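Participant: Quick one: sequence plus predicted model below, questions after.
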Amino acid sequence: SPPPARGAATLWLPDESRPRRRRRLRRPIELPGLSWLFQSSLGSCECEEALCLRGLGGGVGFAIEVTTSLIGIPLAGKFLIHWRYRAECLGEASTRLDMEFELRWIGACGMKSLVEHAVLNEFRRTFERSFLPMAATSVEGGSPTSA
């Protein structure tokens, strides 16, 4: 199916009947390790994301898998960014939250290690600045938007 329009999202259930969603959006982005590659500071980048929700079985948790392709920047068609958030109940008062990250190469690139390092650092910064504080606020019983 065609990608959704910018800022739009679609929901579909494939044959596996797992909830999936596609969206197109702009994400803030900083890649200081690759600043020489861009004429100016990026600030943001258009992305297309495919999201999939998976249960871990037995009602003990879930995983959200996201695959992102970047649009309109140098090297954009050379790789996909794949990450997974996983929440698992360990008992009445304990939950484990894991995050995995992978850069999947789909085209040739002579600068793989530089790109991998810059993208991993950007992902780590975003995770630490945005996701962790929001998750901590939610676990503490506050509103995620109040942080």
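Facilitator: Perfect, I can see it now. Numbering: from 1, shown residues only.

Participant: Okay, helices next: where are they in the chain?
Facilitator: 112-126, 132-139 (DSSP state H).

Participant: can you tell me which of these the model trusts least?
Facilitator: Mean pLDDT across the helices of the chain is lowest at helix 132-139; the value there is a mean of 78.

Participant: what angle do that helix and helix 112-126 make?
Facilitator: Computed by axes from the mean of the first three to the mean of the last three C-alpha atoms, to 10 degrees, the angle separating helix 132-139 from helix 112-126 equals 40 degrees.

Participant: Now do helix 132-139: which elements does it pack against?
Facilitator: Counting contacts by 3 or more C-beta pairs under 8 Å, 6 or more residues apart in numbering; DSSP states H and E, helix 132-139 is packed against no other helix or strand. Where you see a C-beta, it was placed from the backbone N, CA and C, and this is true even at glycine.

Participant: one step back: turn the helices of the chain into JSON lines, columns for distance to Ala76 and mean neighbour count.
Facilitator: As requested, these are exported to JSON lines (distance: least, C-beta to C-beta, whole Å; neighbours: other C-beta atoms under 10 Å):
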{"stretch": "helix 112-126", "distance to Ala76": "11", "mean neighbour count": "15"}
{"stretch": "helix 132-139", "distance to Ala76": "27", "mean neighbour count": "14"}
